[in-house]
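Student: Just the structure for this:
(one chain, ligands or ions: 1)
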Amino acid sequence: MAEVTAICRFCHATCGMVATLEDGRVTRLIGDIDNPMYAGYSCVKGRNYHAFHESPSRLRTPLRRRSDGGFESASSAAVLDEIAVRTRDILDRHGPRSVAMYGGTFSHFCPAGVMLRESFMDAIGSPMRFSNATIDQPGKPISMALHGKWGAGPQDFADADVCMLIGANPLVSMWGGIPSFNPAKRLHEARQRGLKLIVIDPRRTESARKADLHLQCLPGQDVPLLAAMLNVIITEGLCDRAFIEAETEGFGALAAAVAPFTPERVAPRAGIEAGSIIEAARMFARAQRGNVTSGTGPSMAPHGVLMDYLVLALNTVCGRWIKAGERMPNRGVLFRQFSGVARAEKPRAATGFGEALRVRGLTDTAAGLPTAALAEEILTPGEGQVKALFVVGGNPLLSWPNQAKTRRALESLELLVVVDPVLSETARHAHYVIGPRFGFESPAITFGNEGITVYGLSLGYPEPFAQYQPQLIEPPAGSDVLEDWRIFYELGRRMGYPLAFRGQPFDMSTPPTTDGLLSQFVARSRVPLEEIKRHPHGAVFPDPKPCAEPRDAEWPHRLQLAAPVMIAELHGIAAQKSEAPAPAGPVMGGEGSALRLLLVSRREHALYNSVAHDLPALRRRLPHNPAHLNPQDAARLGIVDGAIVEIESAVGGIRAVAHLAPDVREGVVSIAHGFAGACTAALIDDATDYEALSGLPRMSALPVTVRPAAATPTTA
Ligand code: SF4
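Tutor: Numbering: from 1, shown residues only. Predicted coordinates:
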């Protein structure tokens, strides 16, 4: 028996753990108290991660679809031979665009896999690369491109005296506003030193319960609410005028665009008091340091890009960026995330570049190609139609909007290859399923928390921390599983393509090692990987240049407070005649029969997207995906806790177990995305109600009808 340090890869937080090894297996996982970033923190998912390795549902060998529709086991060599032949045939008949790639959340935890799958797509010449980034929070990178990135980064939580969260619940989601490395402890310490916490959320979340001010607004009203706060801050002169004058453009146009959004006008549509909007604006702006950030729910609601743009604008008018001479908490260890110069960086395109999709007028974006349109790309005949799809570490049938359309699309493909540890809902439609090595069967680095800075205001680690973990265990005896990267290396080799990364060709006769690929991936890191490896608990690697430098006087770029497309959208919302929110109330026969509610997304402690729902320890905690309802709404429906309800939208219906939750605002139903049973993807209309820049459909603040379940099943 031995105890070794490890990196949890169940979620993006990548906590430092201690693993007990016995007979080549991990038998216990606990938080690593000696890890300087996490200090022993872990959650129930991470402490049960090792069970995933040996789960009975894990695929030990690749599967190939038989002609009768069932699956049979086959060797990895055989399925790779067949996939290479079939991919080559599709490329020959339909061209490079006919082969698409989708990388889900889990695919990004393996940088070597990212390298080889990008190399493979480069080699075949296909631009059709999609990821979960465009169905999660695409508004963050797109709005950042419109607004501009600040080269010294956002102000740090560690010395903030205010933090405002818009629809973010970092105490559960490990994301947004509060560093996701033992966030409850960090928040507690910050509040001890006087930090004020403002939370805007239709639910009294775990984070909202700690707030000094909670605005329990109606869902989908974040844009008017943020505009009203900006209006208060501007009209009351609470801005950082010096910063605005020196570093921004468009302040006047922004001020004019938010002027119609008075607190008195916004309050009824947001379902809160005008005074609380004013109080939140003053509390935020009168503080000296600290940011406002947003979470997944507002990003998935209508006007998600504009919402994130206003979040950036709110920070900018209050000057909440690190100025020249101030200490930067973390410029990156494995990557250089910030230039370290206090300036607006050179602008990058937000949308309108790269591959144009054949549907909905969508293009490539700063967040990537819009995944929400991929099902329709697959189903739309004509030149460029997608005929083959590789899915790595994702579960489109549960996560892409419009489940029925996604199912039709997956079933129509000539070739569907899924790389997944289990026979997921998506994999059941595949022609080939390949189980990967994962978790402790591969070496790891904490690159994800540095890469996550693409999501708007995130700093990743609040200090220059990094960790490496060597491979700890082998896959189960007798299994035939492959590293993600090996799959695409082998396909490239079989198809005769030379693969390369950053212009450096791979040796196509001798496969690389995962360790070698990781070294190549971080070859430009500030601290050499070999040095990071010398610190098994991870370490903070002090930056020799910790303070932001001033910009050149002639530097031409400024932060953009009035990107034309955003200002036009804001004017459009201001001009809307009806300011009433989506109706919430009884339908079809009145009291006791059905209610119109707004559905919002949420995170659950024992759930991470569509991953590992069947692990016994997690299943015990969350056997199903409850629909959380306010008790008053439940009374109107005539149901009790545990009753089955039907939830219907314009495109589909699901059943869920009702959970009576006083923390949910009346008129709202709160339910997690990506669960196999009550799957909200079935409720989402992908093609008629979507954000024009990102293509993201309305996935939160979604009007639904909720009723007690009838005897007959619903459509999904
Ligand atoms: S928060 Fe939990 S699941 Fe996520 S990395 Fe940490 S221990 Fe793992």
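
Student: What is the neighbour count of the closest residue to residue 326 other than its chain neighbours?
Tutor: Nearest residue to residue 326, sequence neighbours excluded (C-beta to C-beta, 6 or more residues apart in numbering): residue 548, at 5.6 Å. For every residue, glycine as well, the C-beta is placed using N, CA and C. Using other C-beta atoms under 10 Å, residue 548 has 25 other residues around it.

Student: And residue 570, by the same measure?
Tutor: Counted with other C-beta under 10 Å, residues neighbouring residue 570 total 27.

Student: which helices and strands does the helix or strand where it lies pack with?
Tutor: If you go by DSSP states H and E, residue 570 is part of helix 564-575. Judged by 3 or more C-beta pairs under 8 Å, 6 or more residues apart in numbering; DSSP states H and E, helix 564-575 is in contact with helix 139-147, helix 222-235, helix 251-258, helix 304-317.

Student: Just the mean pLDDT for it, thanks.
Tutor: Averaging pLDDT along helix 564-575 gives 97.

Student: follow-up on the earlier one: minimum distance to the ligand: which of the helices and strands packed on helix 564-575 has it?
Tutor: helix 139-147 (20.0 Å; C-beta to the nearest ligand atom).

Student: Centre-most residue in the protein?
Tutor: The centroid of the chain falls nearest to residue 136 when counting by C-alpha atoms, centre = their mean (4.5 Å).

Student: List the residues that contact the residue nearest to residue 326.
Tutor: 151-152, 322-328, 340-342 (C-beta atoms under 8 Å, 6 or more residues apart in numbering).

Student: and with 6 Å instead?
Tutor: 152, 322, 324, 326, 328, 342 (C-beta atoms under 6 Å, 6 or more residues apart in numbering).

Student: starting at the chain centroid, how far to the helix holding residue 570?
Tutor: Distance, stretch centre to chain centre, for helix 564-575: 26 Å (C-alpha atoms, centre = their mean, to the nearest Å).

Student: orientation of that helix relative to helix 251-258 in degrees?
Tutor: Put simply, helix 564-575 runs at 30 degrees to helix 251-258, going by axes from the mean of the first three to the mean of the last three C-alpha atoms, to 10 degrees.

Student: In JSON lines, list the contacts of residue 548 along with secondary structure, pLDDT and distance to residue 192.
Tutor: Output for the contacts of residue 548, formatted as JSON lines (DSSP: H, G, I helix; E, B strand; the rest coil; pLDDT from 0 to 100; distance: C-beta to C-beta, whole Å):
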{"residue": "152", "secondary structure": "coil", "pLDDT": "93", "distance to residue 192": "27"}
{"residue": "322", "secondary structure": "coil", "pLDDT": "96", "distance to residue 192": "24"}
{"residue": "324", "secondary structure": "coil", "pLDDT": "97", "distance to residue 192": "30"}
{"residue": "326", "secondary structure": "coil", "pLDDT": "97", "distance to residue 192": "23"}
{"residue": "328", "secondary structure": "coil", "pLDDT": "92", "distance to residue 192": "24"}
{"residue": "342", "secondary structure": "strand", "pLDDT": "97", "distance to residue 192": "30"}
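
Student: ok, back up a step: any figure for the gap between the residue nearest to residue 326 and residue 317?
Tutor: Distance from residue 548 to residue 317, counting by C-beta to C-beta, to the nearest Å: 20 Å.

Student: Same question for residue 433.
Tutor: Residue 433 is 51 Å from residue 317, by C-beta to C-beta.

Student: Could you do residue 303 as well?
Tutor: Distance of residue 303 to residue 317, given as C-beta to C-beta: 19 Å.

Student: Same check on residue 426?
Tutor: For residue 426 relative to residue 317 (C-beta to C-beta), the value is 44 Å.

Student: I'd like the helices and strands packed on helix 564-575 laid out as a markdown table, including mean neighbour count and mean pLDDT.
Tutor: A markdown table is the format used below for the helices and strands packed on helix 564-575 (neighbours: other C-beta atoms under 10 Å; pLDDT from 0 to 100):
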| stretch | mean neighbour count | mean pLDDT |
| --- | --- | --- |
| helix 139-147 | 26 | 96 |
| helix 222-235 | 25 | 98 |
| helix 251-258 | 20 | 98 |
| helix 304-317 | 28 | 97 |
